[in-house]
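one predicted model, sequence on top.
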Amino acid sequence: MGGKYSGARTKRRWRGLAAVAWVLIAVVGASVMHWTQRRQSMDRAEERLISMCEERARMLQEQFGVTVNHVHAIAILIATFNYEKSPPAIDADTFAKYTARTSFERPLLNGVAYAQRVFHHEREMFESQQGWIMNTMQREPAPPQDEYAPVIFSQDTVSYLARIDMMSGEEDQANILRARTTGKAVLTNPFRLLGSNHLGVVLTFAVYRPDLPADASAEQRVEATIGYLGGGFDVESLVENLLSKLAGNQDIVVNVYDVTNASEPMALYGPSNLDEQVPHVSMLEFGDPFRRHEMRCRYRQKPPIPWSAITNPLGLFVIWMLLGYSIAAAYSRYDKVTEDCRKMEELKTQAEAADVAKSQFLATVSHEIRTPMNGVLGMLDMLLGTDLTMTQKDYAQTAQMCGRALITLINDVLDRAKIEAGKLELEAVPFDLRSLMDDVISLFSSKSREKCIELAVFVCDDVPKVVLGDPWRFRQILTNLVSNAVKFTERGHVFVRVCLAENSNMEANQVLHGIMNGKDGKVESTTNGAFNTLSGFEAADRRNSWQYFKLLLSNKESLLDDLEGENSNQSDSDHVTLAISIEDTGVGIPLQAQDRVFTPFMQADSSTSRNYGGTGIGLSISKCLAELMGGQISFTSRPFVGSTFTFSATLKRSYEYISLDSSRCLSEALPTDFKGMKAILIDGRPVRSAVTRYHLKRLGIIVQVVNNMSAVVKAFPGQNGATVSREKATMLFIESDFWRPETDVQLLNHLLPDAPKVVLLVTSEADKDNYGSIFDIVMCKPIRASTIASSIQQLLKVEMPERKENQNRPSFLRSLLVGKNILVVDDNKVNLRVAAAALKKYGANVSCVESGKDAISLLQPPHSFDACFMDVQMPEMDGFEATKQIRQMEMKANEERKNKLALSEGSTFVEYHLPVLAMTADVIQATYEECIKSGMDGYVSKPFDEEQLYQAVSRLVVGTADSAV
């Protein structure tokens, strides 16, 4: 206890000493700052005084110099017009008037006078010419002397100088002699000027003959002198006028002195009572080298101590003391802060662990759900391959459809997690945009037929045929939006349109904006009350109406003479921005729910999920995918009218044709056997007829659109006895709602026997039974170019040559796998059976093991396997570790074989490298990265289907060498 208290007392004593030292430092620091700032303030005041004094001295010299220059100019004027001219051009009156009018140029001169140089022998003649006698300053006749300087010209203000001999005064005579010798202006001693009683000086200038050279000597200048020009200089007015124009004049006192006699300086300007301040002296140069002048400046009052020299040290003292208090408080709370930091580190560790746990949770959920689903779907697929009754097959297909729906939901949730983590990457592969659109529409064909709604797609002609991008994510956006449109539409249509974004914006600007999100507006209608849309029902967005289509198609008709989109390859830009709109005439979106349409897991209201199903995540994912593709998504919706979703995507133009045997190909090429064939379409709805015409023109069929059967009859003027030719329409397509059996049957009989093949277009499978044998074929919509081609082939019995590229994927996949030895590694026996059955289906020889250790024992080089499908999550040894050991074994075997073969000449060396594909239910990005890091060659997620198997095998199996050499 004593030691503890002793330590505490010692600590308190040291703290007291530290506090005293701290206060002393504060006092010393504040004092130093006070004297430093005071000295700096005085230095700044002195610098300011010097600056103001020098500025005033400079300006005084400049104004004096200007005045001297004007006097010099008058001297030149007299020399030019009075001396050289005969008779002289200047007389006393002219000089007086001129100097009076130009006096504003010499505001500091009382007046100007000119005295002529007269020698003694010229005096009598001069006085006779002038008519007066020269006088002295005392108004007495000038005494005889060698030369005189009588004033002959004078300004009115100094007219009292007329007739006075300026050589009669000693000081004036000395100035005159010095002026003509030096050739410069000279000044007299200060004296009181008449009239103003101000102190001033007399400025004297010698006037020379014009022929005086510039470098004349003193003797030459004396000889060339013809007169003298002088004026009274008001120094007090000059300085007063200068100071009145400058700021800070009230702060300083200015004195001007003549210091020619340094012991007795003569004051020219300024007060005589001076304080003890040391003035600043600035020299003045007035042009007279004999006389010296200076300006002395001082503050009117002694500069006070600045407040900053008081407040700053005081503030420093206060801050220093507060700092000391803060340090003391911080020191006393050091332990608490340390504890807080420790807790923060723990929270940080927990947050990081939570982030890792989130990823692991997603991986676990994905794996735990996909693993049994792999067995369920795989076994269902195997079951559907057996002989089943219709009821059993229906049950199995229903279960398979539900399982795939669950897998789709899991994929959507994982996609959203990838997007939030910023780990979703887009591919860049070429794909046929129009074929992809047809494939998406075909997914919803049965649903649209059940609901008897129109489902159609239209791609503008200037959209490139082949683009470079991610077809799977592009298809995902389309599938989500079309699925929602079909789901919420019970009558009318669902219309998908694709065009270039710039054309869409340009044409849309020419159409008056219709109703937007529940606001007033109308879509144009026909005379019978139907709207000019795809189905005749009103749409939320008028941009898909016929008025818009007329603008959109007006400049595009000539672009597809051969194949659609070929002109797009001529574009200068490598990027193309597409605008895709999905229009429906469904229930629309309530106004209060439109703000949360793209919010994940949010729907319009609670009844939506009950009535239509769904989770509300599709639109959120579509929005994120569109933004990843460099575009955006928006919508227009009106309750009980419908909705139009529009998204844009920036893709690249592809100038290479897609190889049909590529693993990336999405669809087969369309046949060209129908090119040049003619057809007639009966349809009174312009938008729908444009869509049908688009699909027919893709096959090269020339289409004529009419409104009724009478127009068709007119198109066959020579049908009786005529033979069918390519010049006449071979096909007649009729929309079911424009078929009038009571009249059209008779009109159709008029075309016999050369009547074209008649195809009726209906929207429901049930409509096929409502029509008799009048039609050659009843085609159920939605129509696609490939289904039209198939129907025409069947109808006209056209033999299509077998094309290599028409081979289906199962047969092509079988050609890749047949005879290949494949090892499947999975700890789940059901998954082993499913994977083995899927691979054996295509002719592969499959071996199965249930652990990574068993796989390593079988894959010791050399071995006979061509590929290995490796599960990732297994007990004892997972797929990552097993793959790493396989790669190490291959590396060791390759080194040994390379050393052996190096001794023999002419031998070829092929490295061991077994293609290993990860086969797991975990599809997050981190797992894929771990697969690549461990040495795997690819990734197949469970449950894998034909498409995944096709892509993986085509990349890894084709062209691989045997594992054993």
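Looks like it came in fine. Worth saying up front: this structure is predicted, and the values here are computed from it rather than measured. Residues are numbered from 1 along each chain as shown.

all strands in the stretch 551-700 of the chain, in order from the N-terminus.
In order along the chain, the stretch 551-700 of the chain carries the following strands (DSSP state E, counting those that start in this stretch): 575-584, 633-638, 642-653, 678-682.

for the shortest one, packing partners?
Put plainly, it is strand 678-682. Packed against strand 678-682 by the contact rule (3 or more C-beta pairs under 8 Å, 6 or more residues apart in numbering; DSSP states H and E) you find helix 686-698, strand 702-706, helix 709-714, strand 731-735. The way it works is simple: take the backbone N, C-alpha and C, and place the C-beta from them, glycine included.

can you list contacts of it?
With contacts defined as C-beta atoms under 8 Å, 6 or more residues apart in numbering, strand 678-682 is touched by 689, 692-693, 696, 701-709, 711-712, 715, 726-735, 738-739, 756.

could you pick out the buried ones from the residues you listed?
The neighbour-count test (16 or more other C-beta atoms under 10 Å) applied to these identifies 689, 692-693, 696, 701-703, 705-706, 708-709, 712, 715, 728-735, 738-739, 756 as buried.

distance of G270 relative to P88?
Look at G270 and P88: by C-beta to C-beta, to the nearest Å, they are 44 Å apart.

surely A89 is within a strand?
No - using DSSP: H, G, I helix; E, B strand; the rest coil, the assignment for A89 is coil, not a strand.

could you give the number of residues near it?
Applying other C-beta atoms under 10 Å, we find 14 residues neighbouring A89.

and it, what is it in contact with?
Neighbours of A89 in contact, by C-beta under 8 Å, 6+ apart: 81-82.

next, it: phi, psi?
Note on A89: its backbone torsions stand at phi -90, psi 0 [degrees, to the nearest 10].

next one: it from S128, what distance?
Applying C-beta to C-beta, the value for A89 to S128 is 22 Å.

got it, and R44?
Noted for R44: a distance of 70 Å to S128, by C-beta to C-beta.

sorry, back to before: and of the helices and strands packed on strand 678-682, who's closest to V824?
Closest approach to V824 among the helices and strands packed on strand 678-682 is made by helix 686-698 (43.3 Å; C-beta to C-beta).

which other helices and strands contact that closest one?
strand 454-459, helix 546-553, strand 678-682, strand 702-706, strand 731-735, helix 785-796.

buried ones in the longest one, by neighbour count?
Which is helix 785-796. Across helix 785-796, burial judged by 16+ other C-beta under 10 Å covers 785-789, 791-792, 795.

now tell me what touches that helix from outside.
Helix 785-796 has contacts (C-beta under 8 Å, 6+ apart) with 434, 438, 667-668, 670-671, 674, 695-696, 698-699, 730-731, 757, 759, 776-777, 779, 798, 800.

please narrow those to those residing in helices.
Judged by DSSP state H, helices contain the following of those: 434, 438, 695-696, 698.

in a helix, L949, correct?
Yes - the assignment for L949 (three-state DSSP) places it in a helix.

my read: G700 touches M677, true?
Yes - contact criterion C-beta atoms under 8 Å: G700 and M677 qualify, at 7.2 Å.

low pLDDT regions in the stretch 251-400 of the chain?
When residues are selected by pLDDT under 70, those of the stretch 251-400 of the chain lie in 273-277, 335, 355-356, 359-360, 362-363, 366-367.

follow-up on the earlier one: which one of the ones in helices among the contacts of helix 785-796 sits in the busiest neighbourhood?
Counting neighbours by other C-beta under 10 Å, H695 comes out on top of the ones in helices among the contacts of helix 785-796 with 25 neighbours.

what's the nearest residue to that residue if we skip its chain neighbours?
A785 (4.9 Å; C-beta to C-beta, 6 or more residues apart in numbering).

just the pLDDT for the one you found.
pLDDT recorded at A785 is 87.

do you know how far R897 is from L859?
Distance from R897 to L859, counting by C-beta to C-beta: 16 Å.

of those two, which one has the most company?
Neighbours were counted for R897 and for L859 using other C-beta under 10 Å; L859 has more, 24 against 18.

state whether I76 is indeed within a strand.
No - under three-state DSSP, I76 sits outside any strand and is assigned helix.

separation between the nearest residue to E627 once chain neighbours are set aside and W472?
Once flanking residues are discounted, E627 sits nearest to I633: 7.9 Å by C-beta to C-beta, 6+ apart. I633 sits 18 Å away from W472, going by C-beta to C-beta.

again with E55
Distance of E55 to W472, given as C-beta to C-beta: 80 Å.

for the stretch 1-150 of the chain, which segments are assigned as strands?
All strands of the stretch 1-150 of the chain, identified by DSSP E, counting those that start in this stretch, fall at 109-116, 118-119, 147-148.

of all these, which lies closest to F290?
strand 109-116 (20.2 Å).

who does the closest one pair up with?
The strands beside strand 109-116 in its sheet (DSSP bridges) come out as strand 151-154 (antiparallel), strand 225-234 (antiparallel).

can you put these in a markdown table and add mean neighbour count, mean pLDDT and distance to T204?
Below are these laid out as a markdown table (neighbours: other C-beta atoms under 10 Å; pLDDT from 0 to 100; distance: least, C-beta to C-beta, whole Å):
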| stretch | mean neighbour count | mean pLDDT | distance to T204 |
| --- | --- | --- | --- |
| strand 151-154 | 24 | 90 | 12 |
| strand 225-234 | 24 | 87 | 5 |
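
any chance of those strands in CSV, plus distance to D827?
Output for the strands paired with strand 109-116, formatted as CSV (distance: least, C-beta to C-beta, whole Å):
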stretch, distance to D827
strand 151-154, 129
strand 225-234, 117
